[in-house]
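A.B. asks: What follows is a predicted protein model with its sequence.
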Amino acid sequence: MAAKIKPLLVQEVVERHTLSILVDNEAGVLGRITGLFSSRGYNIESLTVADITEDEAVSRITIVTSGPRRVIDQIRAQLDRLVPVHSVTDLSELGPFVERELALVKVAGTGEKRVEALRLADIFRARPVDTSTQSFVFEISGSTTKVDQFIELMREVGLVEVARGGVVALSRGATAQ
Amino acid sequence: MQGRETMGRDGGSREMSGADIIVRALVDLGVDTIFGYPGGAVLPIYDALFRQKQIRHILVRHEAGAVHAAEGYARSTGKPGVVLVTSGPGATNAVTGIADALLDSIPIVVLTGQVATHLIGSDAFQECDTVGITRHCSKHNYLVKETSRLGGTIHEAFHIATTGRPGPVVVDIPKDVQVATARYERPARFEHKTYRPKVKGDLAAIEAAVEMLAVAERPILYVGGGVINSGPGASQLLRDLARLTKAPVTSTLMGLGAFPASDPQFLGMLGMHGTYEANLAMNQCDLMLCLGARFDDRVTGKLDGFSPHSRKIHVDIDPSSFNKTVRVDLAIEGDVGHVLEDMVKLWRARGHQAQPQDDWWSRIKGWRAKQSLAFTQEGEKIQPQHAIRALWEATHKKNPIITTEVGQHQMWAAQHFDFEQPNKWLTSGGLGTMGYGLPAAIGAQLGNPKSLVIDIAGEASIQMNIQELGTATQYDLPVKVFVLNNEYMGMVRQWQDLTYEGRHSHSYSDSLPDFVKLAEAYGWKGIRIETLDQLEQGIADMLAHDGPVFVDCMVERHANCFPMIPSGATHTEMLLGPDQVAGKVDKSAEALV
Ligand SMILES: Cc1ncc(C[n+]2csc(CCOP(=O)(O)OP(=O)(O)O)c2C)c(N)n1
Ligand SMILES: [Mg+2]
């Protein structure tokens, strides 16, 4: 028989998925997307948006969300239903993809702490983009875990504040998704 | 405007005001009736309406009435309903109806006026964020900022409202956009950049579904409003499939009429107030074919006890309905009518024979023998079920259109009024909006001038849009309102009986008006029926009068609607009558209401 029979899930495992959504760059489109998440009670762990075509007609919204498989499928279907949405790609589902996040991390301190901050930054390939005698602002990019780890370590050497850009992601290989 | 337009020949191309473009586009779209209420932000459109003869404008008494009337028009004719209201309070008054149309998948287009573009965001007089407010209760909405985009947007709005899973589309039009001029061209063909609903189902999946049906020993067809939205052809094909598969058929509240009630394969409505046989068959089947329904919580009852032994096939035009609440084994995305057509063809082409179902049908016969809809009419007080049955007896040969309000009377109408055809039963299912029935009847009557249209109402609900009596009078619409007057918000009282040990907190309909006098004040005929011996004559008098008639039918005040699946229970735990009522439930069930 051709029909696929899906077994009933005994226990729901929460999964983290990165969705890449192409939308018409019209007024209110971001509100439609975020509103959908809040009105239906879905999680947003991270969201980034920017237009990506020459004529600024289409934007890519990258959303990292989490939930049981059933909910992730719903999120995809609900997003797909919105009129200005061109496509919804579940990158986590699709196969290999690259995911990067940018963060600016401010640390203050003197003496040994300052040296240690620089040393750690070097290991993480974080660049100082602002320097004073009391502080640094580091720029770091990489996977979310890497950024998380870096920030964690910086806490011990004088973390002041953090700005994170959110996840951007693309599938690997030559074709567009 | 997102769609690509090809230029049409007719329609010309000359400078027109935005308001004229709107009227012109509506005419091009075949609109003959709109429901509206004027105000400052739509005066240019009203002036354009004044200067033309092709569109009939129906002046309602409240914007909520306009939207429900448009819904009634749409549901009974299959054509989109159109609404025109002003900005601010006009738009907010329309919101309930918009949400109603979204949940019941009714195609309507709502045009709202907006303050001039340069005033937007300044808290101007009668400004509200209409697109913001309606964003999550409409299928889609637009704020049109340029007159040159107005015509195209209106065409697109109709396209979106009427295709795929139908629904309400809101077009918000600032006043300066209505006044400025632009060229209007009628788009010849419409193709949308991003919105392309899938109509044909996947053949391999349909084939799999047919194979599953062919080996089923205890199949059931569970049908919903999608079959009606798909058009009369789908209802016909449903009959064909039922014949071929010999499967019993049950329907949701929204699907009533898609399959003839008199057909021996029909089990009646399922769900909370569905029949015993429908719910038990759902529970015991080995194959469930869901056609254009959505496993609503009123249908499934407690999810983990829902039809535990069946394989499930779900046919729907909206893929977000798949696996939303109930996991299915096979999902087929497409228009129900098209999928049914392919299923019937394939079944025949393969020469399938339905499995012998003698055992299945004898079990169903056993459940039917419970007569879960039975009631006793004794004494001179009218039982509400009896009143509905009497109404059906007196009118069914006329093939009436029935609308309802929300409450016990709605459920009794669904249980005891038999529908043989689609588009004859108009009710607020998903949102459960009291006040729906009278304006919906007005809309249905306008779309079907020769039909008998009756709103089966409750004395509480009818007061929510009672002002629309005036609309019927103004346009000589012979609609009938038949109130089952139990002097209670009966459905609320029923829940209080079942869940709160009969503490009737604010569910008594106190200070009721004299409905007969009220009706007469509006120029209607008023009839009061108080006892059983007046029932038949009262209905006859109602039918004999060719204008609008309001019947205030006093019924047994304490009757409750059975059968019933209490909150938090499964299909097998039905209450068949008042003697099974506990009066109290545990906390988790209480929260499930
Ligand atoms: C606008 C709105 N408000 C409240 C409710 C909750 N509600 C459901 S049924 C009902 C009572 C309806 O009373 P009535 O119209 O007399 O009908 P009955 O149940 O007595 O037949 C109420 C208040 C609702 N469905 N809609
Ligand atoms: Mg009542």
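C.D. replies: Structure's in. What do you need? Small disclaimer: the values here were computed from a predicted structure and weren't measured. Ligands and ions are numbered 1, 2, ... in the order given.
A.B. asks: just the helices in chain A please.
C.D. replies: Under the criterion DSSP state H, chain A contains helices at A:29-39, A:69-81, A:91-94, A:112-123, A:144-155.
A.B. asks: Report the inter-axis angle for the first one versus helix A:69-81.
C.D. replies: Angle, helix A:29-39 to helix A:69-81, by axes from the mean of the first three to the mean of the last three Cα atoms, to 10 degrees: 150 degrees.
A.B. asks: count of residues packed around whatever residue of chain A ends up closest to ligand 1?
C.D. replies: Residue of chain A nearest ligand 1, by Cβ to the nearest ligand atom: A:S39 (20.2 Å). For glycine as for every other residue, the C-beta is placed from the backbone atoms N, C-alpha and C. A:S39 is flanked by 12 other residues according to other Cβ atoms under 10 Å in any protein chain shown.
A.B. asks: Surely it and B:H136 touch.
C.D. replies: Yes - using Cβ atoms under 8 Å, A:S39 makes contact with B:H136 at a distance of 5.0 Å.
A.B. asks: list the contacts for the residue of chain A closest to ligand 1?
C.D. replies: B:H136 (Cβ atoms under 8 Å, 6 or more residues apart in numbering or on different chains).
A.B. asks: Pull up the gap between it and B:G121, please.
C.D. replies: Applying Cβ to Cβ, to the nearest Å, the value for A:S39 to B:G121 is 23 Å.
A.B. asks: And for B:D172?
C.D. replies: Counting by Cβ to Cβ - B:D172 and B:G121 are separated by 13 Å.
A.B. asks: When the two are compared, which one has more neighbours?
C.D. replies: B:D172 (26 against 10).
A.B. asks: Does that one belong to a helix, a strand or coil?
C.D. replies: Following DSSP: H, G, I helix; E, B strand; the rest coil, we place B:D172 in the strand state.
A.B. asks: Provide the partner residues of it in its beta bridges.
C.D. replies: B:D172 has these beta-bridge partners by DSSP bridges: B:T112, B:L143.
A.B. asks: Do I have it right that it meets B:V144?
C.D. replies: Yes - proximity of B:D172 to B:V144 meets the contact threshold set by Cβ under 8 Å, at 7.0 Å.
A.B. asks: Need the phi and psi values for B:D541.
C.D. replies: Taking degrees, to the nearest 10, you get phi -60, psi -40 for the backbone angles of B:D541.
A.B. asks: hang on, it packs against B:I527?
C.D. replies: Yes - under the criterion of Cβ under 8 Å, B:D541 makes contact with B:I527 at 5.7 Å.
A.B. asks: Mind listing the shared neighbours of those two?
C.D. replies: Joint contacts of B:D541 and B:I527 (Cβ under 8 Å, 6+ apart) are B:V549.
A.B. asks: count of neighbours near residue 77?
C.D. replies: Went with chain A since none was named. 18.
A.B. asks: hm, I was asking about chain B
C.D. replies: Neighbours of B:T77 (other Cβ under 10 Å): 16.
A.B. asks: OK, contacts around it?
C.D. replies: Neighbours of B:T77 in contact, by Cβ under 8 Å, 6+ apart: B:423, B:447-448.
A.B. asks: One more pass at 7 Å, please.
C.D. replies: B:T77 makes contact with B:447-448, according to Cβ atoms under 7 Å, 6 or more residues apart in numbering or on different chains.
A.B. asks: Check the gap between it and B:L340 for me.
C.D. replies: Distance from B:T77 to B:L340, by Cβ to Cβ: 22 Å.
A.B. asks: Can you check the pLDDT for residue 41?
C.D. replies: Since no chain was named, I'll use chain A. Reported pLDDT at A:G41 in the predicted model: 94.
A.B. asks: Can you look at chain B instead?
C.D. replies: Looking at B:A41, its pLDDT stands at 98.
A.B. asks: B:S13 now?
C.D. replies: Note on B:S13: pLDDT of 69.
A.B. asks: and whatever helix or strand B:H155 lives in, how far from the chain's centre?
C.D. replies: Per DSSP states H and E: B:H155 is located in helix B:150-162. Averaging C-alpha positions (Cα atoms, centre = their mean, to the nearest Å) puts helix B:150-162 22 Å from its chain's average.
A.B. asks: if we can go back for a sec, which of the helices of chain A has the highest mean neighbour count?
C.D. replies: helix A:69-81 (a mean of 19; mean count of other Cβ atoms under 10 Å in any protein chain shown).
A.B. asks: residues in contact with residue 73?
C.D. replies: Chain wasn't specified; assuming chain A. Applying Cβ under 7 Å, 6+ apart to A:D73 gives the contacts B:N323.
A.B. asks: right idea, wrong chain: chain B
C.D. replies: Contacts of B:Y73 (Cβ under 7 Å, 6+ apart): B:33, B:81, B:443-444, B:446-447.
A.B. asks: coming back round to it: please work out the average pLDDT along the helix holding B:H155.
C.D. replies: 97.
A.B. asks: what about the strands in chain A?
C.D. replies: A:14-24, A:46-51, A:58-68, A:85-90, A:97-108, A:127-131, A:135-142, A:159-171 (DSSP state E).
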